[in-house]
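Undergrad: the sequence and its predicted three-dimensional model are supplied below.
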Amino acid sequence: MTPSDERIARERIERLDALARRAATAGHEDRARKYVRLARRLGERNRVALPRRFERFTCDACDAYLRPGRTARVRLRDGHVVVTCDCGTQARYPYDSPDEDCS
Ligand SMILES: [Zn+2]
């Protein structure tokens, strides 16, 4: 894989992330899931890390693009962020600044 392939994969993932977020915000949960799955597949195939925002606001179990306060609950517990999807799946992340997503 050439560096430009990697760049293209990254750009596609960024675009799918934006599309998924927009679809979820508009209430199109199923469409958002499709974008989430496509982005995950692209990341795997090209060995490209998914953006942190994407990792945190998608459900590993049902691929939903989570909207805190709408389709997900977000709680702080023991220095961790606990995100609970509508499907019941919980994900825990260390509590840190979301601004670090500039890799
Ligand atoms: Zn879920």
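TA: Nice, thanks for sending it over. Numbers count the residues shown, from 1 in each chain.
Undergrad: let me know the outermost residue of the protein.
TA: residue 2 (25.2 Å; C-alpha atoms, centre = their mean).
Undergrad: how near is that one to residue 50?
TA: 20 Å (C-beta to C-beta, to the nearest Å). Placement of C-beta: from N, CA and C, glycine included.
Undergrad: all strands of this structure, in order?
TA: 72-77, 80-85, 90-94 (DSSP state E).
Undergrad: contact partners for the residue nearest to residue 71 when sequence neighbours are not counted?
TA: Leaving aside its chain neighbours, residue 71 sits nearest to residue 86 (4.9 Å; criterion: C-beta to C-beta, 6 or more residues apart in numbering). By C-beta atoms under 8 Å, 6 or more residues apart in numbering, residue 86 lies in contact with 64, 71, 72.
Undergrad: just give the nearest non-adjacent residue to the last one, would you?
TA: When you say that, I think you mean residue 72. residue 66 (3.7 Å).
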